[in-house]
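Compute the structure for the input listed below.
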Amino acid sequence: MKIPKGDLDLLAIGETLVDFISVEETDWLRNAYTFRKYQGGSPANIAVYVAKLGGKSAVISKLGIGAMAQFLKSELNRAGVLTEYLVMDHLVHSSIVFVSRTAKTADFEAFRSGDFQLTPHEINEEAIERAKVIHASTWALSREPCRSAVKKAFELGRKRGKIISLDPNYSPQIWPDYREAKTVLPEMLSYATITKPSRDDASRLFGRDKEPEEYIKRYHDMGPEVVVFTMGGDGVLLSDGEKLTHMAARKIKVVDATGAGDSFWAGFLVALLDGHPLEHCALFAREIVERKLTTVGPLPDNIDRQQVYAKIDAETQEVEETSKE
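Residues are numbered from 1 along each chain as shown. Okay, the predicted model is just below:
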């Protein structure tokens, strides 16, 4: 895959939110009573993780101007994410989400305000020009005018030869109009170079009665060249449209699954921009997501990706030598 020019590795567009994650571990938000405040929102999380891995990232999101907005901007700046393209609007409040801390799929309740009010004219064309990868999630597509803003960014990015990545993380809780989602998602995926559905994402969109290979084919048919299909404890299936590769998951003690998919995205995209083949990108992403799953809250700071690459190379060499014996 050709890596486009630009001084920004990633431009994330869409939701930057305040996540209130429960201190209690529970699968049901009703049983949570104490919460800790974190910067959240899938695109913003990915931008943060890219920065923590030594990349350069920026975010286009709409926030309010109050305490929550200032907290979010401060957290992004602290992580090294460029915030010059944030839209601070006194007419809206920053969106917040309450999330259960769990090793499984988190229960959540969203209170949306500013995030979906990003408009097409607030998409900065300079930011598009600077970026190598332009990323968004399905959350941002679930309401207008943010949907049209993402579409404009994708159209501009595609014309400039950028890598377009779209997370097809459809949830009826966020997007209750299923028919609308089934119409919009194929249109937006037609711009995408890469998509990373989970098995849960695919089953919510296409039903639970299909094999992973059928899900992957359906995503390819909508446009993306690369489909990374994550299956939790069953590992990952990686497809470039011709070759299908399975990567097993390793047994770890999961303490917090919130943001795991975002850390995988960040690892995969960083390795891709470093020029690694797709299989190596998936191995690197696995290393990063394991660090997230074993940490409560955000991914740890100061991850040396060169050390991670060296670890992967050593493990790969060991496997190859063992198979020869």
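
Which parts of the stretch 1-150 of the chain are strands?
8-13, 17-25, 35-40, 57-60, 62-63, 87-88, 96-101, 108-111, 131-137 (DSSP state E, counting those that start in this stretch).

Adding distance to G80, mean neighbour count and mean pLDDT, write those strands out as a markdown table.
The way it works is simple: take the backbone N, C-alpha and C, and place the C-beta from them, glycine included. Output for the strands of the stretch 1-150 of the chain, formatted as a markdown table (distance: least, Cβ to Cβ, whole Å; neighbours: other Cβ atoms under 10 Å; pLDDT from 0 to 100):
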| stretch | distance to G80 | mean neighbour count | mean pLDDT |
| --- | --- | --- | --- |
| strand 8-13 | 11 | 28 | 98 |
| strand 17-25 | 19 | 19 | 94 |
| strand 35-40 | 13 | 18 | 95 |
| strand 57-60 | 8 | 27 | 98 |
| strand 62-63 | 18 | 28 | 98 |
| strand 87-88 | 20 | 18 | 98 |
| strand 96-101 | 23 | 21 | 94 |
| strand 108-111 | 27 | 15 | 96 |
| strand 131-137 | 16 | 28 | 98 |
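
Format those as a markdown table; extra columns: distance to G241.
Listed next are those as a markdown table, based on distance: least, Cβ to Cβ, whole Å:
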| stretch | distance to G241 |
| --- | --- |
| strand 8-13 | 24 |
| strand 17-25 | 34 |
| strand 35-40 | 33 |
| strand 57-60 | 28 |
| strand 62-63 | 35 |
| strand 87-88 | 37 |
| strand 96-101 | 35 |
| strand 108-111 | 34 |
| strand 131-137 | 19 |
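
Out of these, flag the one nearest A149.
Of all the strands of the stretch 1-150 of the chain, it is strand 8-13 that lies closest to A149, at 7.0 Å by Cβ to Cβ.

what packs against the closest one?
Strand 8-13 makes packing contacts with helix 42-52, strand 57-60, helix 125-130, strand 131-137, helix 146-159, helix 260-273 when contacts are defined by 3 or more Cβ pairs under 8 Å, 6 or more residues apart in numbering; DSSP states H and E.

If you count neighbours, what's buried in the third one?
I take that to be helix 125-130. Counting neighbours by 16 or more other Cβ atoms under 10 Å, one finds that the buried residues in helix 125-130 are 127-130.

What separation is there between the closest residue in space to R305 that isn't next to it in sequence and I3?
Nearest residue to R305, sequence neighbours excluded (Cβ to Cβ, 6 or more residues apart in numbering): L53, at 5.1 Å. Look at L53 and I3: by Cβ to Cβ, to the nearest Å, they are 16 Å apart.

Compare neighbour counts for these two and give me the winner.
More crowded of L53 and I3, by other Cβ atoms under 10 Å: L53, with 24 against 14.

In this structure the more buried one contacts F268, no?
No: using Cβ atoms under 8 Å, L53 makes no contact with F268, being 10.8 Å away.

unless I'm mixing things up, L269 is touching L10, no?
Yes: counting by Cβ under 8 Å, L269 does reach L10; the two are 6.3 Å apart.
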